[in-house]
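K.L.:
Sequence isn't available, so here's the structure alone:
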């Protein structure tokens, strides 16, 4: 891969064992079975990177894996047209997640593994990859010392940034991270994360809190209801296209891919939410975070039909 990248995505990478097709969650001591099982590359960083690659963007994924799993991860990235040059071998085992889902919800059991070292990678060896991109997306709770080391470098180079920290109550509650949220160009929280920040489930309450924190371009993922943003003192709400949801694993990360794709095209808040809602909704059609991510042709076909 030569020349500047469109996007560098940095964050935790996992081997996902995805079990889906369950109609209900078992009670303690009960067993439920399914024929729907997928082993796939997972983690928010991988899902967003693959989503962007499917949309035709040049992407580097910066993350850590175990030595034994490097060939498998490299092959999976190659299948999406992503160079494995951003991968590094960490000291220990790859991160592993078991995902169990119904059509309505999902739960995860996770071994973090080498992902605990991702902050040091972002601020160290991985920084050269980040500065070779037009946009950097952090799919991780960005530690304050890492933010201090990395964000000024990216800003000085004119590289825009986005952050999806995931559901991280301790990170969101730490006052030190308010400065990180204000320094990021596009914070991409969901409803549960926004509620932790503002103490309310109301969209307007979050936007008021975001303004107080100095968050630029505030927006909010609303799950199956779509997404909202505040632009020029106006609230913009976009609903997703209808789909038959099979597995919601990675839907928020697929949303991020569509959102960033639109951001790279210089669209307004409504346009960013529309593309995010399409990629997020369509990603739920098959088990796992990657199998149903749309390509650019499908995205625009649906976009032109419903928006």
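P.N.:
Yes, it's here. Keep in mind it's a predicted model, so treat the numbers as computed, not measured.
K.L.:
Just the strands from this protein, written as ranges.
P.N.:
In order along the chain, the chain carries the following strands (DSSP state E): 5-11, 14-22, 36-42, 59-65, 87-89, 95-102, 106-111, 133-139, 160-163, 186-187, 219-221, 227-231, 234-238.
K.L.:
Of all these, which one comes closest to residue 212?
P.N.:
In this view, the strands of the chain are compared for proximity to residue 212 by CB to CB, and strand 227-231 is the closest at 12.5 Å. For the C-beta atoms, the positions are set from N, CA and C on the backbone; glycine is no exception.
K.L.:
Could you list the buried residues of that closest one?
P.N.:
For strand 227-231, a neighbour-count test (16 or more other CB atoms under 10 Å) marks 227-230 as buried.
K.L.:
got it, and stretch 94-110?
P.N.:
Here stretch 94-110 shows 94-97, 99-102, 106, 110 as buried, counting by 16+ other CB under 10 Å.
K.L.:
residues in contact with stretch 143-151?
P.N.:
Residues lying outside stretch 143-151 but in contact with it, judged by CB atoms under 8 Å, 6 or more residues apart in numbering, are 119-120, 122-123, 127, 130, 161, 174, 176-177, 179-180, 183-184.
K.L.:
What score does the closest residue to residue 256 other than its chain neighbours have for pLDDT?
P.N.:
Using CB to CB, 6 or more residues apart in numbering and skipping the chain neighbours, the partner closest in space to residue 256 is residue 48 (4.6 Å). The confidence metric pLDDT takes the value 97 at residue 48.
K.L.:
show me what contacts residue 48?
P.N.:
Applying CB under 8 Å, 6+ apart, one finds that residue 48 lies in contact with 9, 137, 139, 164, 253-254, 256-257, 260.
K.L.:
cool, residue 218 as well?
P.N.:
By CB under 8 Å, 6+ apart, the contact set of residue 218 is 187, 206-207, 210-211, 229-230.
K.L.:
Those into TSV, with extra columns for distance to residue 72 and pLDDT?
P.N.:
Putting those into TSV (distance: CB to CB, whole Å; pLDDT from 0 to 100) gives the following:
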residue	distance to residue 72	pLDDT
187	33	98
206	39	97
207	42	97
210	40	97
211	45	96
229	38	98
230	42	97
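K.L.:
Understood, closing this out.
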